[in-house]
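Peer 1: Mind looking at a prediction? Sequence and model below.
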Amino acid sequence: TGDGVKIPDIGCYEYKPDPRQILVSLSVTAGATGFGASDAAFLASVIRGGEPLDDFTGVDLKWTLGDGAVSNVTGVATVAHRYEAPGRYDVALEVTIDGETVSAQLEGAVSVYGTANRFYLAETCAGERFPYDTPETACTSVGTAINLARGLIASGAVDGYDLAFQPGTYAITSTMLLDGAIRAYGLGSRPEDVNLQPNPKMSAVNLSSAAARLENLTVVGSKEQTAVVMSDGTISNCVFEACSSAGHGLIIRGQAISMTGGLVVDTVIRNTKADAQWRGYAVLYMNGATAVADRLVVTNNTAGGTASHRDHAGAPVGVEMNGGATLRNSVIADNVSRWFGPAGVSINGSTSKIENCTIVNNRIEQEAGCESSYATSTVGLGIANKSATVVNCIVWNNRTGSDAAGWVAADMSTSNTDNVRHTI
């Protein structure tokens, strides 16, 4: 050693387990996940004196199965049990050998879900209890419900699952990933009865499956990210309210919805305000041939530079379309650009299309202190069209100017008049 004391080397030490030592564990061999009345099976494992116990003759086992049932068996390592009611069950085991008893427990060994394939959610719930299959036992964590539903679908246990939101306001602390047949919908009589409020720096929802659905609720208050991102799926009967940004230099295409595919239908996007964005970009951004919007109202949205950011451009405010996207049967009205750029719709690409839409009263309305070089721009404030198709639309009273006396009509600009038909 360091102090010069000599210690004899005794060589390697061979560990010899105590022959009296007993170690016990248990596992679920079948039915860890069930729906309705479900059967489960369990296996006991025993190590005695360092060796697995193969012969359970004379060994007593007491199984406490979590639902009030107790099973006492002798000589066998397995037990089966039927769970009649939904719930999450802990299972405990006591093994007695030669008068010595050793125990083990497995928390959440069995999860039995209801047969309706539905989780209820509530803002608060005194009776919250797995599997959250009644309004009285609803889950208060959106993340928990989403993760359970995704896990069940990924495992093949179910084809799809519903998330039923009772009226209230829900903090979204991580993006809701609807990447399978998950239907998230509000139980209120109108979309405004259920409000999803995301963290300011994140999206509330991401839809990426054709079977994903977001229905009858409101997404409110998204700040620095697109409120909803979608590449597939359906948004219907929803409201996007005040999904606003105020950060200098933020470039967000689709403040409310950014979609490369899927369907948005019977939905309102309103009162979104991008105060100090470098580019105001549209509240609805559509980019892709499978991106379709139908029966929308896009109104009272504002974007562009302010007096404190007077050199900053304002890109499209209402809807921006690229890559063959389709907008139909919709109203785009009363949207305001604080700098310049179409306040109604910007549409690009020969395969994109607007059909049966009313695009009215969109305008440039610069704030005091902003430069006015674009105040009388006649670029299409209603529709700025680059060779796309516009059919059967009303485009009216879209204006630009610093005040009513100086307003100039700027309803539509187009690079290909042959693609504009039956439109006034």
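Peer 2: Yes, it's here.
Peer 1: pull the longest strand from this structure.
Peer 2: For the chain, the strand with the greatest residue count under DSSP state E is strand 284-299.
Peer 1: For the helix or strand following that strand, enumerate the helices and strands it packs against.
Peer 2: Following strand 284-299 in sequence order, the next helix or strand is strand 302-303 (DSSP states H and E). Using 3 or more C-beta pairs under 8 Å, 6 or more residues apart in numbering; DSSP states H and E, the elements in contact with strand 302-303 are strand 273-274, strand 336-337. From N, CA and C alone the C-beta is placed, and that goes for glycine too.
Peer 1: With G143 as the reference, measure out to M202.
Peer 2: Relative to G143, M202 is positioned 12 Å away (C-beta to C-beta, to the nearest Å).
Peer 1: Show me whatever sits in contact with both of these two.
Peer 2: Shared contacts of M202 and G143 (C-beta atoms under 8 Å, 6 or more residues apart in numbering): S174.
Peer 1: Low-confidence regions, the protein specifically.
Peer 2: Low-confidence regions of the chain, defined by pLDDT under 70, span residues 1-4, 6-20, 222-224, 244-252, 254, 274-281, 304-316, 339-341, 366-380, 401-424.
Peer 1: how about the helix or strand harbouring E94: buried residues?
Peer 2: Using DSSP H and E, E94 falls within strand 87-97. Residues of strand 87-97 classed as buried by neighbour count (16 or more other C-beta atoms under 10 Å): G87, Y89, V91, A92, L93, E94, V95, T96, I97.
Peer 1: ok and the following helix or strand past that strand relative to strand 87-97, angle-wise?
Peer 2: Per DSSP H and E, the first helix or strand lying C-terminal to strand 87-97 is strand 100-113. For strand 100-113 against strand 87-97, the angle by axes from the mean of the first three to the mean of the last three C-alpha atoms, to 10 degrees is 160 degrees.
Peer 1: from the helices and strands packed on strand 302-303, which stretch is densest packed?
Peer 2: Among the helices and strands packed on strand 302-303, the stretch with the highest mean neighbour count (mean count of other C-beta atoms under 10 Å) is strand 336-337, at a mean of 26.
Peer 1: Check which helices and strands the helix or strand just after it sits against.
Peer 2: Remark: after strand 336-337, the chain's next helix or strand is strand 345-348, criterion DSSP H and E. Here strand 345-348 touches strand 319-322, strand 383-386, going by 3+ C-beta pairs under 8 Å, 6+ apart.
Peer 1: thinking again about what came up before, adding distance to P191, write the helices and strands packed on strand 302-303 out as JSON lines.
Peer 2: Listed next are the helices and strands packed on strand 302-303 as JSON lines, based on distance: least, C-beta to C-beta, whole Å:
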{"stretch": "strand 273-274", "distance to P191": "20"}
{"stretch": "strand 336-337", "distance to P191": "24"}
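Peer 1: Show me the one of the ones you listed that comes nearest I257.
Peer 2: strand 273-274 (14.4 Å; C-beta to C-beta).
Peer 1: follow-up on the earlier one: okay, the buried residues of strand 87-97 in a markdown table with distance to Q255 next?
Peer 2: Output for these, formatted as a markdown table (distance: C-beta to C-beta, whole Å):
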| residue | distance to Q255 |
| --- | --- |
| G87 | 43 |
| Y89 | 46 |
| V91 | 50 |
| A92 | 53 |
| L93 | 56 |
| E94 | 60 |
| V95 | 62 |
| T96 | 66 |
| I97 | 68 |
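Peer 1: which among those residues gets closest to I172?
Peer 2: G87 (27.4 Å).
Peer 1: what is the closest one paired to in the beta sheet?
Peer 2: V112 (DSSP bridges).
Peer 1: Contact partners for it?
Peer 2: G66, D67, V112, R129, F130, P131 are the contacts of G87 under C-beta under 8 Å, 6+ apart.
Peer 1: Just the closest of these to T260, please.
Peer 2: P131 (34.6 Å).
Peer 1: what about that closest one, neighbour count?
Peer 2: 20 (other C-beta atoms under 10 Å).
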